[in-house]
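Enquirer: Here's my sequence, what's the structure:
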Amino acid sequence: MTEAAPLTDNGHPDGAHPHAGRPGTAPAHTERPDGAHPTTPALHAQRTPPRPPAPPRPRSVLGGLLKTARPKQWVKNVLVVAAPAAAGRLFAWHALTRLALVFALFTACAAAVYLINDARDADADRAHPTKRHRPVAAGQVPVPVAYGAGGVLAVLALSLACWLTPPLVPALLTAYLGMQLAYCVSLKHVLVVDLVVVTTGFLMRAMVGGLALGIPLSRWFLITTGFGALFMVAAKRYSEAVQMAGTAGATRALLTEYTTGYLRFVWQLAAGVAVLGYCLWALQDEGAAAGTTGAALAAAADTGLLPWRQLSVVAFILAVLRYAVFADRGTAGEPEEVVLGDRALALIGLVWLAMYGLAVAHC
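Expert: Residues are numbered from 1 along each chain as shown. Here you go, the predicted structure:
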């Protein structure tokens with residue numbers, strides 16, 4: 001008898017792999033001395049080094065300046081047409097060109113305030129979860145450049161206003177800049193005063209168009225516009241307070257000082273005063289126009305015209321009530337987003353504009 005060959009660890013006499021040498025079989029995995037996973041030469045050859053991440057696109061300083069100027073907020077400056085529209089002097093060529101100029105000047109002043117505010121708050125914004133993406137806080141726009149651009153815009157706007165508009169316009173723009181810069185520095189930390197400053201900014205926008213065209217501003221117009229603005233500002237603050245309730249922090253430090261009950265009282269009071277002021281404004285103007293003589297009343301009856309100014313009160317009240325729905329829910333953010341984001345409210349606004357336009361056209 002012959003001795004059987006000793007078996008190796010793999011169970012074969014010569015220690016060879018059972019498939020070694022057979023055509024069509026995969027090559028054997030090689031054991032690595034460091035204990036790593038076995039690899040094959042083919043797989044190793046197919047491996048390629050990972051591609052380095054693409055470098056971020058360079059962002060221009062000019063684009064950052066434009067973003068810091070808040071183009072989405074420029075729609076608020078359309079309020080410059082409020083007084084001329086209420087007086088029926090909106091569609092004269094001289095009025096349109098003057099209002100376009102005033103719109104541009106007010107936009108430049110507002111952009112200057114945004115630039116200086118972001119430059120001043122750059123360090124604080126870098127620690128904020130969302131504000132850290134602002135161009136100045138993110139380093140896209142250097143702080144000195146933001147300060148310089150804001151100063152140039154402010155000086156340029158005031159210089160052009162002194163040159164091209166009546167004296168009251170640059171006076172109002174100067175007051176607006178001073179008030180807003182004071183707000184950025186300290187007034188935004190003072191209870192109630194912060195609401196008044198923001199509201200006054202809206203009121204100034206509504207006044208400047210009338211001042212540019214020499215239109216007398218009705219006291220009821222000022223009351224309705226001022227308290228309407230306070231209604232929207234307080235509703236926004238109330239919504240922010242409701243949304244941050246129970247969270248660790250607030251986007252506005254002053255919100256922790258207000259109670260939701262107080263802010264609700266403010267926007268409800270402002271809404272009531274705005275409605276009352278509009279009613280008195282519409283009824284008084286209509287009475288002044290039609291009640292001077294009996295002949296005027298007879299002429300109005302003969303033409304068969306509806307009292308559009310009085311009827312517009314209904315649309316105005318419906319708009320306030322619809323806006324109050326979002327305020328009560330705590331979802332009243334930026335006023336332009338609320339109005340444009342709700343079809344019913346936008347439709348009511350268009351109906352009101354049509355009614356008031358007809359009233360002005362038949363004055």
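Enquirer: distance between stretch 322-339 and the chain's centre?
Expert: Relative to its parent chain, stretch 322-339 has a centroid offset of 13 Å by Cα atoms, centre = their mean, to the nearest Å.
Enquirer: show me where pLDDT drops low in the stretch 51-200 of the chain?
Expert: By pLDDT under 70, the weakly predicted segments of the stretch 51-200 of the chain are 51-59.
Enquirer: And the strands in it?
Expert: With strands called from DSSP state E, counting those that start in this stretch, the stretch 51-200 of the chain shows none.
Enquirer: residues in contact with stretch 330-341?
Expert: The contact list for stretch 330-341 (Cβ atoms under 8 Å, 6 or more residues apart in numbering) reads 75-76, 232, 235-236, 238-239, 241-243, 323, 326, 345-346, 349. Backbone N, C-alpha and C define where each C-beta goes, glycine included.
Enquirer: What of stretch 121-141?
Expert: 59, 61, 63-65, 67-68, 115, 118-119, 142-143, 146, 184, 251.
Enquirer: can you tell me which two in the residues you listed are farthest apart?
Expert: Using Cβ to Cβ, the contacts of stretch 121-141 span at most 26.5 Å, a distance reached by 61 and 251.
Enquirer: Could you tell me which of the contacts of stretch 330-341 count as buried?
Expert: Buried residues within these, counting neighbours by 16 or more other Cβ atoms under 10 Å: 76, 232, 235, 236, 238, 239, 241, 242, 323, 326, 345, 349.
Enquirer: how about the nearest residue to the residue nearest in space to the middle of the chain, chain neighbours excluded?
Expert: Geometric centre of the chain, nearest residue: residue 73, 5.1 Å, by Cα atoms, centre = their mean. In this structure, residue 73 finds its nearest non-sequential neighbour in residue 110, 6.9 Å apart by Cβ to Cβ, 6 or more residues apart in numbering.
Enquirer: give the contact list for that neighbour.
Expert: Taking Cβ under 8 Å, 6+ apart as the test, what residue 110 contacts is 70, 73, 74, 76, 77, 180.
Enquirer: hang on, the fifth one packs against residue 204?
Expert: No. Taking Cβ atoms under 8 Å as the definition, residue 77 is not a contact partner of residue 204, at 10.4 Å.
Enquirer: on that earlier part again, least confident pick among the contacts of stretch 330-341?
Expert: Ranked by pLDDT, the contacts of stretch 330-341 bottom out at residue 243, which scores 82.
Enquirer: Quickly find the element holding that residue.
Expert: helix 219-244 (DSSP states H and E).
Enquirer: and that helix, what does it pack onto?
Expert: helix 82-86, helix 193-213, helix 260-290, helix 308-329 (3 or more Cβ pairs under 8 Å, 6 or more residues apart in numbering; DSSP states H and E).
Enquirer: which one of those has the lowest average pLDDT?
Expert: Mean pLDDT, when computed for each of the helices and strands packed on helix 219-244, is lowest for helix 260-290, at a mean of 84.
Enquirer: Neighbours of residue 80, how many?
Expert: 28 (other Cβ atoms under 10 Å).
Enquirer: How about it: what's its closest non-neighbour residue?
Expert: In space, residue 80 is closest to residue 209, 4.0 Å off (Cβ to Cβ, 6+ apart).
Enquirer: The one you found touches residue 78, doesn't it?
Expert: No. Using Cβ under 8 Å, residue 209 is not in contact with residue 78; the gap is 9.8 Å.
Enquirer: Mind checking which of the two has more residues around it?
Expert: residue 209 (30 against 13).
Enquirer: so who does that one touch?
Expert: Per Cβ under 8 Å, 6+ apart, neighbours of residue 209: 79, 80, 81, 82, 83, 84, 99, 102, 215.
Enquirer: Tell me how far the residue lying closest to residue 78 once chain neighbours are set aside lies from residue 212.
Expert: Distance criterion Cβ to Cβ, 6+ apart; nearest residue to residue 78, sequence neighbours excluded, is residue 103 at 7.3 Å. Distance, residue 103 to residue 212, by Cβ to Cβ, to the nearest Å: 10 Å.
Enquirer: ditto for residue 199
Expert: Residue 199 is 21 Å from residue 212, by Cβ to Cβ.
Enquirer: Among those two, which residue is more densely surrounded?
Expert: residue 212 (25 against 21).
Enquirer: re earlier: what's the separation between the residue nearest to residue 78 and residue 143?
Expert: For residue 103, the distance to residue 143 - Cβ to Cβ - is 29 Å.
Enquirer: higher neighbour count, the two?
Expert: residue 103 (20 against 15).
Enquirer: I figured that one was touching residue 77, is that so?
Expert: Yes. Counting by Cβ under 8 Å, residue 77 is a contact partner of residue 103 at 5.4 Å.
Enquirer: can you map out the helices along the stretch 1-150 of the chain?
Expert: 41-46, 61-68, 82-86, 93-120, 122-126, 135-138, 143-164 (DSSP state H, counting those that start in this stretch).
Enquirer: Just the CA coordinates for the last one, please, in PDB.
Expert: Below are the C-alpha coordinates for helix 143-164, written out as PDB (Å, rounded to 0.1, in the frame of the first residue of the first chain):
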ATOM      1  CA  VAL A 143     -18.400  95.400   5.500                       C
ATOM      2  CA  PRO A 144     -16.600  98.600   4.400                       C
ATOM      3  CA  VAL A 145     -18.100  98.200   0.900                       C
ATOM      4  CA  ALA A 146     -21.600  97.900   2.300                       C
ATOM      5  CA  TYR A 147     -21.100 101.000   4.500                       C
ATOM      6  CA  GLY A 148     -19.700 102.900   1.500                       C
ATOM      7  CA  ALA A 149     -22.500 101.800  -0.900                       C
ATOM      8  CA  GLY A 150     -25.100 102.700   1.600                       C
ATOM      9  CA  GLY A 151     -23.700 106.100   2.200                       C
ATOM     10  CA  VAL A 152     -23.300 106.900  -1.500                       C
ATOM     11  CA  LEU A 153     -26.900 105.800  -2.200                       C
ATOM     12  CA  ALA A 154     -28.200 108.000   0.600                       C
ATOM     13  CA  VAL A 155     -26.200 111.100  -0.400                       C
ATOM     14  CA  LEU A 156     -27.100 110.600  -4.100                       C
ATOM     15  CA  ALA A 157     -30.800 110.200  -3.400                       C
ATOM     16  CA  LEU A 158     -31.000 113.300  -1.200                       C
ATOM     17  CA  SER A 159     -29.000 115.300  -3.700                       C
ATOM     18  CA  LEU A 160     -31.300 114.400  -6.600                       C
ATOM     19  CA  ALA A 161     -34.300 115.000  -4.500                       C
ATOM     20  CA  CYS A 162     -33.100 118.600  -3.700                       C
ATOM     21  CA  TRP A 163     -32.400 119.200  -7.300                       C
ATOM     22  CA  LEU A 164     -35.500 117.600  -9.000                       C
END
